[in-house]
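1. After the sequence you'll find the predicted model.
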Amino acid sequence: MDLAPLVLSLKVATTATAIAAVLGISIAALLANARFRGRDLVDVLITAPIVLPPTVLGYYLLVALGRRSFLGHAFEAAFGSSIVFTQTGAVVAATVGALPLVVKSGRAALEQVDPTLIRAARTLGAGPLRAFVTIQLRLAARGVVAAVMLAFARALGDFGVTLMVAGDIPGETQTASLAIYDAIQGQRDQAALGLVVALAVVAISILYVANKLTGARDAR
Amino acid sequence: MPDSGSDSDLSVRAHVRASERFELDVEFVVPPGVTVLLGPSGSGKSTALSVIAGLVRPDAGRVSLGKEVWFDSQDGIDTAVHRRRVALLFQSLALFPHMTAVQNVVYGMERRHDAGRARALEWLERLHVAHVAGRKPPTFSGGEAQRVALARALASSPRVVLLDEPFTAVDTELRRELLADVNVFVRALGVPVVLVTHDRREARELADRFVFLRAGRVERAGEGRELGGRVTVESR
């Protein structure tokens, strides 16, 4: 079995999850705690990837990040390589898929924390950031960790958006999901089987642990 | 008048449009010592405390401690909650469930390391709860929880203390003990203290001054001794 696609998938998913975690928890905190104009719109835009067809999402990303777009052009000028059809593109695709999971589940976990505890922390001299980290995030930790784990599982398995944005270049952007598709198309079923089992085991293990974490919330 | 008070008076003038049905429009001064805030349910007592702590932003008004202005709608001043150093004892106590009693007390102190820990323990001892120092709130009895919350509020070097109907969940005997502690320790801080209560006897015993709210306005205010039973306070 060629392990390269699996290694690439893990690398891409790890990077994407790290980005989605930092960005997602910040956005979740804002949506959970702040009242601002356009909050519902932000919520809808962030969650849209859950319901949009991967091809539609991929199309938008190509338009936004392609070599002729402003962002794509700026990125290429700064780093010497394009976003689309590279590993960076694969990371972007996986991040966009993972972000809504962090934001949705993370926000739900943060909103479970009794707001009086946060107010108490503030009156005891804690600034907004300290109150958030030491009280709200700490008490929501299980839920937030579960959300990040689910995001990782989602990032690991992305197919459609990655194909649109990063292509299917063996050794460069061919992640495990894409390699499975290629192997089946080329009637190399044995090659597909190893990757299928590996992805399934990782995803189901993550789901199991995430469920354990959220289910045992009272056992602090 | 709010501005004519002494250097350590808390002056409050606030107009808060909390909802379609409720508006708070008050003006009162709290000198050092205990001022009891009385009034029927829904008269705006808790909202007034939130305004002082900085948790609710008035639509108009001015809140100051001595010469220090915490809120002024005209000058656009609004000091953040954590910079006011107002200790608010919540009805629900709001002890942090994931921290031990000592950690709860240390949380509100400026020095959070060894010196802070020693002082936190002193406060727990003073309030007779040193034995729960290393335990977490879910294991506390009702009285222990009340005392730890009081220790946490006192240890935070507050410049104003706000007590929002504290000790309502405990029996009469314990309640008397706790109020005695409030009387001794909170008074010793020498800062303005606002105590919200429904209990008329409690109000008479503790009040240096009183402010009576009804429907979001100050109906009466005066010296504690004037309370002598003439004000009808809703009993629970």
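-> Happy to help now that I have it.

2. gap between the residue most central in space within chain B and residue B:191?
-> Centroid-nearest residue in chain B, with CA atoms, centre = their mean: residue B:162, separated by 0.9 Å. Using CB to CB, to the nearest Å, we find residue B:162 at a distance of 11 Å from residue B:191. Yep, even glycine has a C-beta here, placed from its N, CA and C like the rest.

3. Overlap in contacts, these two.
-> With contacts taken as CB atoms under 8 Å, 6 or more residues apart in numbering or on different chains, residue B:162 and residue B:191 have no neighbour in common.

4. related to what we said a few turns ago, in three-state terms, label the residue nearest to the centre of chain B for me.
-> Using DSSP: H, G, I helix; E, B strand; the rest coil, the structure places residue B:162 in strand.

5. How much space separates it from residue A:46?
-> Residue B:162 sits 38 Å away from residue A:46, going by CB to CB.

6. Could you do residue A:36 as well?
-> 14 Å.

7. Please identify which of those two sits among more neighbours.
-> Comparing residue A:36 with residue A:46 by other CB atoms under 10 Å in any protein chain shown, the one with more neighbours is residue A:46, at 21 against 8.

8. Show the pLDDT at the closest residue in space to the more buried one that isn't next to it in sequence.
-> Counting by CB to CB, 6 or more residues apart in numbering or on different chains, the nearest residue to residue A:46 once its immediate chain neighbours are dropped is residue A:103, at 5.0 Å. Predicted confidence (pLDDT) for residue A:103: 96.

9. Residue A:103 and residue A:30: what is the separation?
-> Using CB to CB, residue A:103 is found at 10 Å from residue A:30.

10. Show me which of the two is the more surrounded one.
-> Taking neighbours as other CB under 10 Å, residue A:103 and residue A:30 compare with residue A:103 leading, 27 against 14.

11. List the residues that contact the more buried one.
-> Contacts of residue A:103 by CB under 8 Å, 6+ apart are A:24, A:27-28, A:31, A:43, A:46-47.

12. Scan those residues and report the most crowded one.
-> For the contacts of residue A:103, neighbours tallied by other CB under 10 Å; top is residue A:24, 27 neighbours.

13. Next one: residue A:86 from residue A:79, what distance?
-> For residue A:86, the distance to residue A:79 - CB to CB - is 10 Å.

14. Looking at those two, which one has more neighbours?
-> Neighbours were counted for residue A:86 and for residue A:79 using other CB under 10 Å; residue A:86 has more, 19 against 11.

15. Contacts only, for that one.
-> Going by CB under 8 Å, 6+ apart, the list of residues near residue A:86 reads A:166, A:172-173.

16. Whichever helix in chain A runs longest: which residues count as buried?
-> Across chain A, the longest stretch assigned as helix under DSSP state H is helix A:4-33. The neighbour-count check on helix A:4-33 (16 or more other CB atoms under 10 Å in any protein chain shown) flags A:5-6, A:8-10, A:12-13, A:15-21, A:23-25, A:27-29, A:31-33 as buried.

17. tell me which strands and helices whichever helix or strand comes after that helix is in contact with?
-> Next along the chain after helix A:4-33, taking DSSP states H and E as the criterion, comes helix A:39-51. The criterion is 3 or more CB pairs under 8 Å, 6 or more residues apart in numbering or on different chains; DSSP states H and E, and the helices and strands that helix A:39-51 contacts are helix A:4-33, helix A:87-111.

18. Columns distance to residue A:178 on top of these, output as a markdown table?
-> A markdown table is the format used below for these (distance: least, CB to CB, whole Å):
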| stretch | distance to residue A:178 |
| --- | --- |
| helix A:4-33 | 7 |
| helix A:87-111 | 9 |
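
19. Contact distance from chain A - what residues of chain B qualify?
-> B:53, B:55, B:80-82, B:84-88, B:90, B:92, B:94, B:96-98, B:107-108, B:110, B:152, B:156 (CB under 8 Å from any CB of the partner chain).

20. Narrow those residues to those in helices?
-> Mapping those onto helices (DSSP H) picks out B:53, B:81-82, B:84, B:107, B:152.

21. Among those, which one is most surrounded by other residues?
-> Going by other CB under 10 Å, residue B:152 tops these with 30 neighbours.

22. so where does the residue nearest to it when sequence neighbours are not counted fall, helix or strand?
-> Nearest residue to residue B:152 in three dimensions, chain neighbours excluded: residue B:105, at 4.8 Å (CB to CB, 6+ apart). In this assignment (DSSP H and E), residue B:105 forms part of helix B:101-107.
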